[in-house]
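Peer 1: here is a sequence together with a model predicted from it:
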Amino acid sequence: MALWRWKRCDVYCVDIDAAKIDLLRRGEVPIYEPGLAEQIARNVDRMHFATTPDEAIRRARLLFVSVGTPPTFAGDADLSAVHAVVDAMPASSEHALVMKSTVPCGTGRAIARSFAEQGKGALAYVSCPEFLKEGSALDDFSHPDRVVVGDDGDGWAGDAVAALYAPLGAPLIRTDVASAEMIKLAANAFLATKISFINEIANVCEETGANVLEVARGVGLDQRIGPKFLSAGLGYGGSCFTKDVSALKLLAANSGYHFQLLGRGHRGQRVAEAPCGGKLARHLGSLAGRRIGVLGLAFKPNTDDMRGASSLVLAARLESEGAHVCAYDPIAIEEARRIMPELDYATARSRSSPRRRRRAGHEWPEFLALDWGAVAEAMAGTVVIDGRNALDSVAIRAAGLTYDGIGIG
């Protein structure tokens, strides 16, 4: 966002999904990301949308690749979309392919070989992994922690990408392609491991009477550790962490190394998704015939992304034990309905404005600001399980309800 204030550029956006391109041409955004629709509206005169790359290739030298690399059944990254882009590139010494997609270490070398085999050896290649978080992507772009630019030559492309990002004033890492690819995988794997670790600590706190909130606060003040990603809960979700942990683990295995730490962390993630159902069973006994509400369906606030969401695991378990699940999310209900049509879905009497949603911290503000007295009157039971340790436990208990969080002994 800030970059576009300093240098007004025309941007050519290409996708093979004609329906999405039609939406974007009409100014409609097919995903929910706070501020994105407004940002596109402000710059619509300089944004061009197409289903073929011809105009983009004619008009731009830097060709950024941001295609999906979903996991395969084997656990590695599906690079079919990446290869399709590679095949569509021209034989040119005036263009550079800039990889933003998360790809396994070694992909750049494989693409260089493909370029050579296709007579495109003069086409430059740069690895520039993205580190945007869903729900805060625009701010992350404008104020990045770092910009990583990986290239293996002395040509113009790496310098051009670095110059493009220079107005943001972020620390710049100039390195080789393989190292740039590994930086992205290693960062996500470390963050996933950090989440898995605090969730394991939460399990110990449950048994010892310690409070994981206090433990995380004390541990996070250590400057060597830091407070981020120390919120115990139902594990991580989304499209990145699970995929990248699996991809890195498989990459290591294919290189002859058994990455034991990642294996343990991934098993810990599966364990972290289970507590809510177990807590309900301890409070209520049999769940058969019980009506249970689930607040929050997307894998995190400020997104409609259901990929890897813990709500999928929780709802499936509750339904399998005979419970009737009524679910609600401020944004993700339609996507959740497509994935889990068997659930009952609630609509809010009043919805906070988009501006208020953007001010959310870890959870949707309308959940944090619930009138628990009114909630208690509407509930047939009395149990509230807080899977993110985000709700006001004092207010909940004051309303006569039973509060149970994660890792709060």
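Peer 2: Arrived safely. Computed from a prediction, not measured in an experiment: that's the story for all the values here.

Peer 1: how about residue 315: what's its closest non-neighbour residue?
Peer 2: With CB to CB, 6 or more residues apart in numbering as the criterion, residue 315 has its nearest non-adjacent residue at 5.1 Å, and that residue is residue 325. C-beta: built from backbone N, CA, C; applies to glycine.

Peer 1: from what I can see that neighbour touches residue 290, true?
Peer 2: No: the criterion here is CB atoms under 8 Å, and residue 325 misses it with residue 290 at 9.5 Å.

Peer 1: hmm, back to that, contact partners for the residue nearest to residue 315?
Peer 2: 292, 293, 294, 315, 318, 319, 343, 344 (CB atoms under 8 Å, 6 or more residues apart in numbering).

Peer 1: now, which of the residues you listed sits nearest residue 126?
Peer 2: For these, the residue nearest residue 126 by CB to CB is residue 315; the value is 42.2 Å.

Peer 1: any chance you could map the strands in the chain?
Peer 2: Secondary structure of the chain (DSSP state E): strands at 11-14, 47-50, 62-65, 96-99, 124-127, 147-150, 172-175, 291-295, 324-328, 344-345, 383-385, 402-404.

Peer 1: thinking again about what came up before, distance of the residue nearest to residue 315 relative to residue 311?
Peer 2: Residue 325 is 10 Å from residue 311, where distance means CB to CB, to the nearest Å.

Peer 1: joint contacts of those two?
Peer 2: residue 294.

Peer 1: ok so, going back, which of the strands of the chain is buried the deepest?
Peer 2: strand 124-127 (a mean of 27; mean count of other CB atoms under 10 Å).

Peer 1: report the distance from that strand to the chain centre.
Peer 2: Put simply, strand 124-127 sits 25 Å off its chain's centre (CA atoms, centre = their mean, to the nearest Å).

Peer 1: right, and the strands of the chain - which one's nearest residue 334?
Peer 2: strand 344-345 (9.1 Å).

Peer 1: can you pull out the residues in contact with that closest one?
Peer 2: Contacts for strand 344-345 (CB under 8 Å, 6+ apart): 324, 325, 326, 327, 328, 333, 336, 337.

Peer 1: dump those into TSV; add distance to residue 198 and pLDDT as well.
Peer 2: Compiled in TSV, these are given as follows (distance: CB to CB, whole Å; pLDDT from 0 to 100):
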residue	distance to residue 198	pLDDT
324	32	92
325	27	92
326	30	92
327	26	91
328	27	92
333	29	89
336	26	90
337	32	91
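
Peer 1: just curious, which of those residues is nearest to residue 250?
Peer 2: Compare each of those with residue 250 using CB to CB and the shortest gap goes to residue 336, at 29.6 Å.

Peer 1: lowest-confidence helix or strand of the chain?
Peer 2: helix 354-358 (a mean of 30; mean pLDDT, DSSP states H and E).

Peer 1: for the residue sitting furthest away from the middle of the chain, give its distance to residue 310.
Peer 2: Distance from the C-alpha centroid of the chain peaks at residue 119, with 36.9 Å (CA atoms, centre = their mean). Per CB to CB, residue 119 is found 48 Å from residue 310.

Peer 1: looking only at pLDDT, what's the mean for stretch 70-84?
Peer 2: Mean per-residue pLDDT for stretch 70-84: 85.

Peer 1: so residue 93 sits right up against residue 115, yeah?
Peer 2: No: Residue 93 lies out of contact with residue 115 (CB under 8 Å); the separation is 11.4 Å.

Peer 1: so for those two, which sits in the more crowded spot?
Peer 2: Set residue 93 next to residue 115 and count neighbours by other CB atoms under 10 Å: residue 115 wins out with 19 against 12.

Peer 1: pretty sure that one sits against residue 121.
Peer 2: Yes: contact criterion CB under 8 Å: residue 115 and residue 121 qualify, at 5.6 Å.

Peer 1: where does the stretch 201-350 of the chain have low pLDDT?
Peer 2: Residue ranges of the stretch 201-350 of the chain with pLDDT under 70: 235-241, 263-275, 348-350.

Peer 1: mind listing the helices for it?
Peer 2: For the stretch 201-350 of the chain, the helices defined by DSSP state H, counting those that start in this stretch cover 212-220, 241-254, 260-272, 275-284, 310-320, 333-339.

Peer 1: residue 303 is nearest to which of those helices?
Peer 2: helix 333-339 (9.9 Å).
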